[in-house]
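Model the structure of this input:
(one chain, ligands or ions: 2)
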Amino acid sequence: MSDTICASFNTSVAVHRPDATSQKSNSTLRVALLVNLARNAPPIQRTIMPPDLFVELDSDRNVEAYAQALEEEGHEVLVHEGDAYLAQWITQIKPDICFNTCEGFLGNSREAQVPALLEMIGARYTGPTPLAAAITQDKPTTKRILQSYRLPTPPFQVFETPDEELSPELSFPLFVKPIHEGTGMGIHNESIVYNERQLRDRVAWLITAYDQPALIEPFIDGQDLTCGLVGNGRDVHFFPINEVDYSGYPSELCHIYGSLQKVDFEQYYRNRCPAPISKKLAEDIRKLTHQTFLATQCRDFARVDFRLDKKEQLHILEINALPGIGVHSDLTLMAAAEGWTHGELVRAVLHAALRRYQML
Ligand SMILES: Nc1ncnc2c1ncn2[C@@H]1O[C@H](COP(=O)(O)OP(=O)(O)OP(=O)(O)O)[C@@H](O)[C@H]1O
Ligand SMILES: [Mg+2]
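Ligands and ions are numbered 1, 2, ... in the order given. So this is what the prediction gives:
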């Protein structure tokens, strides 16, 4: 079955690069901009409170930038927190479309909550459906889907408790991370484990701190590459592939892209975009990105993260169905590498959704 589905993918995806500046929608729309601000995060009580618990959430600065991008095109923009009162507000203001940036506060499928509310009241919106959001927020489920399509993702095991028997397929060094998080949450030097004791300690800490199972994979020594796209189906535009350059970070930090690197030491971030890789490797990455996007039923935009090992083998780590598009996000930097402004990126996501709804 997996072969049949795999064959249905277009394996020679044309890299379609629309001119972002020419993508004007014809009429002014009422756009509901839906956000989850870090300052609105609810209080949480846990035995261990990891400092990176709410790093995914947005700042006022990003929200102003999204609104400005949409207003620059003449749209009327109304902003609302993606909370439990959202459905009532949407029903009152009757937007033409919602621009959804909500990462959610609580729950294992939190990125699916706002899309589910919007589906319930029949509102149009940008980004993933509840199904795609829930699939992609669960790394093991995503990986099982990728495996069924024979797409290269590392072998893995899920630990519900710290004392489960390690699969004989997995050997040290291993990598331990939460199954439901993003923005490098729970990913630090100690995620790389070299023996049973380190593995058990890390899994125990992670289960308690993040209140969820741990995902164990082989530690892939190599480079971090990421590939982003906007569009739908075969009509997608790939941004230049990005490579994280670890040379700017404090030397005690391992070369992994965790929350310390992404958030606390953001000022030391360096990258190479486009990544200095061969045309063939870049084409393979775009193809795998597109296949992952289709297999997980994403919409409008996404970013797929890879590790490239020392033997030049690609490993798909995950897909971000609702990638950050804040002013300093990876996708924003990748779009900037080919001359797009932040506003053009935001509008390209809106246009992808409008085209999907045949409104453009
Ligand atoms: N199996 C692995 N081997 C080596 N490094 C890994 C592995 N899995 C993850 N990493 C490192 O951790 C980083 C974050 O992993 P991953 O992308 O799975 O987490 P995330 O928190 O969902 O990321 P994002 O910030 O993109 O949402 C990777 O970019 C990579 O540097
Ligand atoms: Mg990632």
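
Where does residue 226 sit: helix, strand or coil?
Following DSSP: H, G, I helix; E, B strand; the rest coil, residue 226 is assigned to strand.

what about it, neighbour count?
A total of 27 residues lie near residue 226 under the criterion other C-beta atoms under 10 Å. C-beta coordinates here come from the backbone N, C-alpha and C atoms, glycine included.

How about the contacts made by it?
Going by C-beta atoms under 8 Å, 6 or more residues apart in numbering, residue 226 touches 241, 242, 244, 303, 304, 305, 306, 330, 334.

Same check on residue 118?
So residue 118 contacts 87, 90, 98, 100, 124, 125 (C-beta under 8 Å, 6+ apart).

mind running it again at 6 Å?
Going by C-beta atoms under 6 Å, 6 or more residues apart in numbering, residue 118 touches 98, 125.

Correct me if wrong, but it is in a helix.
Yes. Residue state for residue 118 (three-state DSSP) corresponds to a helix.

picking that back up, would you check which pair of the contacts of residue 226 lies furthest apart?
244 and 304 (14.3 Å; C-beta to C-beta).

The two: which has the busier surroundings?
For residue 244 versus residue 304, the count of surrounding residues by other C-beta under 10 Å is larger for residue 304: 27 against 23.

How about the more buried one: what's its closest non-neighbour residue?
Leaving aside its sequence neighbours, residue 304 sits nearest to residue 289 (C-beta to C-beta, 6 or more residues apart in numbering; 4.3 Å).

Hmm, residue 227 and that neighbour touching each other?
Yes. Applying C-beta atoms under 6 Å as the test, residue 289 and residue 227 come out as touching, 4.2 Å apart.

Which residues of the stretch 151-300 of the chain lie near ligand 1?
154, 175, 177, 181-185, 187, 217, 219-220, 224, 256-258, 262 (C-beta under 6 Å from any ligand atom).

State the distance from residue 161 to ligand 1.
Shown here: residue 161 relative to ligand 1, a distance of 21 Å by C-beta to the nearest ligand atom, to the nearest Å.

what pLDDT does residue 27 get?
At residue 27, the predicted lDDT confidence score is 75.

Measure how buried it is and give me the count.
10.

now the helices: where do they sit in the stretch 201-350 of the chain?
Taking DSSP state H, counting those that start in this stretch as the test, the helices found in the stretch 201-350 of the chain are 259, 279-295, 330-336, 342-356.

can I get the ones you listed in CSV with mean pLDDT?
Putting the helices of the stretch 201-350 of the chain into CSV (pLDDT from 0 to 100) gives the following:
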stretch, mean pLDDT
helix 259, 91
helix 279-295, 98
helix 330-336, 97
helix 342-356, 98
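
still on that earlier bit, list the ones among the residues of the stretch 151-300 of the chain next to ligand 1 that fall in strands.
Counting by DSSP state E, the part of these found in strands is 175, 177, 217, 224.

Return the entry from these with the maximum number of neighbours.
residue 177 (23 neighbours).

State the helix or strand in which the nearest residue to residue 93 once chain neighbours are set aside lies.
Nearest non-adjacent residue to residue 93, counting by C-beta to C-beta, 6+ apart: residue 78, 5.7 Å away. Element membership for residue 78, per DSSP states H and E: strand 76-81.
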